[in-house]
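*Asks:* Mind folding the following:
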Amino acid sequence: MNNNPGKELRWLRMSVLVNIMLCLVVLFLVFIWTGKKRFEEIDVERINIVEKDGSTRLVISNKERSPGPIQRGQPFGYPGGTRAGMIFYNDEGTENGGLIFSGERKDGNVTAVGSLTFDQYEQDQIIALQYVDDSGKRRAGLIITDYPTTISGMEIDEKRKALEEMPDGPEKTKAQDELRQYSPKFRMYIGRGREGSSLIMLADAQGKPRLQLVVDESGAARIEFLDENGQVTFSLPDSEKE
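*Replies:* Model prediction:
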């Protein structure tokens, strides 16, 4: 039997007070961490934009912390750490485009890339707005490319890795031919060509250029029709009359 009810009551009151204070502290922390924030400046190596369920929709990162290709949340292909910029993801957790950039001068040679792309579903970049400089060979323009719709990028990567493990012989040759049918097919380019011309190039369903509108560095303009081997079959103005 308790012989000091007053002391027991004081401990009870103190316990209630402490619990109330702890609750207030927790509520305060929740408020400051979930409330809207404003920063004048912030240094960060990577930011993940996620949905409420935690699925990733956008990654902004430096080169070292950048992700590699991902399909339905599963990485494949080359590892991360290769591309600074932003990577987009669709509703299923598959990469579907991005904005990446790089540039440096080594031994007097410039290598630079700026690329905004949008991927075909479970495939690679079907639309690309790009600038590429490879030791002075520059191009800048819009590229449209076809990719197969019957196989995903991850499945192609798995076939390619299996092919690398096969010994040379007829079976490997057959597998190479089967894999080749899934190669992307170039369809259109509009921009600056590597040789300095302004260029519109249209290709057939096999990715072979068949029509070109060209303005070269001297200002001369021409329209060229090409065969399946890339040879000019007819030109306007007619080069034979010049």
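
*Asks:* got the residue ranges for the strands in the protein?
*Replies:* Secondary structure of the chain (DSSP state E): strands located at 46-50, 56-61, 70-71, 74-75, 85-89, 95-106, 109-119, 125-134, 137-146, 185-192, 198-203, 209-215, 221-226, 232-236.

*Asks:* Quick one: work out the angle between the longest one and strand 56-61.
*Replies:* Spelled out, that is strand 95-106. If you take axes from the mean of the first three to the mean of the last three C-alpha atoms, to 10 degrees, strand 95-106 sits at 10 degrees to strand 56-61.

*Asks:* and strand 95-106, which strands flank it?
*Replies:* Its sheet considered, strand 95-106 pairs with strand 85-89 (antiparallel), strand 109-119 (antiparallel) by DSSP bridges.

*Asks:* Pick the most buried one from the ones you listed.
*Replies:* strand 85-89 (a mean of 20; mean count of other C-beta atoms under 10 Å). (C-beta placed from N, C-alpha, C; glycine too.)

*Asks:* Just the C-alphas of that strand, formatted as PDB.
*Replies:* Extracted in PDB, the C-alpha atoms of strand 85-89 (Å, rounded to 0.1, in the frame of the first residue of the first chain):
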ATOM      1  CA  GLY A  85      22.400  16.500 -66.200                       C
ATOM      2  CA  MET A  86      18.700  15.400 -65.800                       C
ATOM      3  CA  ILE A  87      17.200  12.000 -66.500                       C
ATOM      4  CA  PHE A  88      13.400  11.600 -67.000                       C
ATOM      5  CA  TYR A  89      11.400   8.500 -66.000                       C
END
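
*Asks:* That strand to strand 46-50, inter-axis angle?
*Replies:* Counting by the same axes, to 10 degrees, strand 85-89 lies at 20 degrees to strand 46-50.

*Asks:* Measure how far strand 85-89 is from the centre of its chain, please.
*Replies:* On the basis of C-alpha atoms, centre = their mean, to the nearest Å, strand 85-89 sits 6 Å off its chain's mean C-alpha point.
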